[in-house]
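Student: sequence and predicted structure below; questions after.
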Amino acid sequence: MTSQTATRASDGGWQVTSAGAVLAGPFPTMAEAWRWIDRYEGEPITPVGVNLTALLRPRTSLPDGAA
């Protein structure tokens, strides 16, 4: 598989290209273009707004009512 990259489109947005061909876009931000690349390549996606630090932090106590 050839590699994909995010490049500036002529309209100022971002597009995903591979070997000179446009695969997707335009996207309003570079982050959105790279997110498309991650999905295309099968990378795991973290939902927007999820705080990974909070998810990975060990719990020091259980919530009230938990066994």
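Tutor: Sure thing, it's come through. Numbers count the residues shown, from 1 in each chain.
Student: can you get me a residue count around the nearest residue to Ile37 once chain neighbours are set aside?
Tutor: In this structure, Ile37 finds its nearest non-sequential neighbour in Gln4, 4.8 Å apart by CB to CB, 6 or more residues apart in numbering. Placement of C-beta: from N, CA and C, glycine included. Neighbouring residues of Gln4 were enumerated by other CB atoms under 10 Å; the total is 20.
Student: residues contacting Gln4?
Tutor: Each residue near Gln4 by CB atoms under 8 Å, 6 or more residues apart in numbering is listed here: Val16, Thr17, Ser18, Leu23, Ile37, Tyr40, Glu41.
Student: so which of those residues are in helices?
Tutor: Taking DSSP state H as the definition of helices, the contacts of Gln4 contribute Ile37, Tyr40.
Student: need the helices for this protein, in chain order.
Tutor: 30-40, 52-56.
Student: which one of those has the poorest average confidence?
Tutor: Mean pLDDT is lowest for helix 52-56 among the helices of the chain, at a mean of 66.
Student: state the number of residues packed around Ile45.
Tutor: 10.
Student: I misspoke; the intended subject was Val22.
Tutor: 12.
Student: and the pLDDT for it?
Tutor: pLDDT, Val22: 95.
Student: can you pull up the bridge partners for it?
Tutor: On the basis of DSSP bridges, Val22 is bridged to Thr17.
Student: quick check: it vs Pro44, distance?
Tutor: For Val22, the distance to Pro44 equals 25 Å [CB to CB, to the nearest Å].
Student: likewise for Ala31?
Tutor: Taking CB to CB, one finds Ala31 at 16 Å from Pro44.
Student: more neighbours, those two?
Tutor: Legend: neighbour count by other CB under 10 Å for Ala31 and Pro44, higher for Ala31 (12 against 6).
Student: thinking again about what came up before, pLDDT score for the residue nearest to Ile37?
Tutor: Predicted confidence (pLDDT) for Gln4: 92.
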